[in-house]
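Chemist: 3D model of this:
(chains A and B)
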Amino acid sequence: MALDATDTDEDDRLLARYGSGDPAAAGLVVARFLPLAYRIGVRMLKDASQADDVAQEAMIRLFRMAPGWQPGQAKVTTWLYRVTVNLCTDHLRKRPTLPLDAAQDVADGAATAEDRLVAQDRSVALDLALGDLPERQRLAVILRHIEGLANPEIAEVMGIGTEAVESLIARGKRGLTAALAGQRAALGYDDD
Amino acid sequence: MTMTKPDHKNERAVDAAFASLRANPPRPSSELFDKVLARALAEQPVLEGARVCAEAEALPGFWAEVLGIFGGWRGAGGLTTAMVVGLVIGLSGTVQLPIYEATDEVLDLMPGGTEIFAEINVENENG
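Modeler: Numbers count the residues shown, from 1 in each chain, chains lettered A, B, ... in the order given. As a prediction, the model looks like this:
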């Protein structure tokens, strides 16, 4: 899902059209950018209703930013990732029952192991395991391995250095590997 | 917490699971799409031309066409103001412009010019 230079130029042009008042561009902007904001919302919050709210708010900020957007200075998608991630972080901090960023590298997955085995689905199992990761590891892994962003762009989205990104991704992936290690047979990986 | 060193098989399993997740991204509902699109149109800056057209479309038939010709309410308003001012000036009739009387006198703007041009003509004819 990573974008190349052509996509970036296209994004710039589309946003410029919207910002200059072209009514036909409104639907195109929504179709192009809403899925991105929604995906991040769902994967970070694990709640479709809250993901709706986050995606809508992120898009409103995009609409308001559009008239003043300077093409070529930054990627529209990087900007939108950052805004969406910040909104997700705000939502997570408002949840009283969920720990924010656990001190341990990998949360104990024993409580949800049965659910994973019952699901017997690779993506569901990984999704559940992702949910057990500390917030910043989860975000870094999602952006790298699911959204397909390069580490420097992830660093820009998260507002940290590239080395910190590499560390978060490595720890996160180690955690996921360990969490899924006991479920390979149930998930059909032994046949791979 | 004890963590065993993951082997390559486990890492491949995780990579395959990532591929599954990438292939099945969560998608926004059509209700959310419609809601966001409505907001996009509401937040969008309006082009002057589009605004004029929208105004014209809001009026029925003949008047919409007339308003469109004059460039919307703003254009029609400016034209009306100019017409009223022109009418007032015309009706007042108090403005006197200076009128020069016709004379037979010829004003020479380039004294000696006739002789100069004659010399140039002679030189040109002689090559």
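Chemist: So the residue nearest to A:Arg39 when sequence neighbours are not counted: helix, strand or coil?
Modeler: Excluding its sequence neighbours, the residue lying closest to A:Arg39 (Cβ to Cβ, 6 or more residues apart in numbering or on different chains) is B:Pro25, at 5.2 Å. No exception for glycine: its C-beta is placed from N, CA and C like everyone else's. Classification of B:Pro25 by DSSP: H, G, I helix; E, B strand; the rest coil places it in coil.
Chemist: Look up phi and psi at B:Pro25.
Modeler: Backbone torsions for B:Pro25, taken as degrees, to the nearest 10, come to phi -70, psi 150.
Chemist: how many other residues sit next to it?
Modeler: 15 (other Cβ atoms under 10 Å in any protein chain shown).
Chemist: do you know how far it is from A:Ile60?
Modeler: 22 Å (Cβ to Cβ, to the nearest Å).
Chemist: A:Arg13 too?
Modeler: For A:Arg13, the distance to A:Ile60 - Cβ to Cβ - is 21 Å.
Chemist: Show me which positions of stretch B:36-49 end up buried.
Modeler: For stretch B:36-49, a neighbour-count test (16 or more other Cβ atoms under 10 Å in any protein chain shown) marks B:36-37, B:39-40, B:43-44 as buried.
Chemist: Tell me which residues touch B:Val36, please.
Modeler: Shown in contact with B:Val36 (Cβ atoms under 8 Å, 6 or more residues apart in numbering or on different chains): A:30, A:34, A:55-56, A:59, B:28.
Chemist: go with 6 Å
Modeler: A:30, A:34, A:56, A:59 (Cβ atoms under 6 Å, 6 or more residues apart in numbering or on different chains).
Chemist: in the chain, which spans are helices?
Modeler: Looking at chain A here, since you left the chain open. Applying DSSP state H to chain A gives helices spanning A:5-19, A:23-45, A:48-65, A:76-94, A:110-119, A:122-132, A:135-141, A:151-158, A:162-181, A:184-187.
Chemist: my question was about chain B
Modeler: B:8-23, B:30-43, B:48-58, B:61-69, B:72-92, B:113-126.
Chemist: just the helices of chain A: most buried one?
Modeler: helix A:135-141 (a mean of 23; mean count of other Cβ atoms under 10 Å in any protein chain shown).
Chemist: I'd like to check what contacts that helix. Which residues are they?
Modeler: By Cβ under 6 Å, 6+ apart, helix A:135-141 touches A:101, A:130, A:165, A:168-169, A:171-172.
Chemist: ok, now with 8 Å
Modeler: With Cβ under 8 Å, 6+ apart, helix A:135-141 has contacts from A:44, A:85, A:89, A:92, A:100-101, A:105, A:130-131, A:133, A:154, A:158, A:165, A:168-169, A:171-173, A:175-176.
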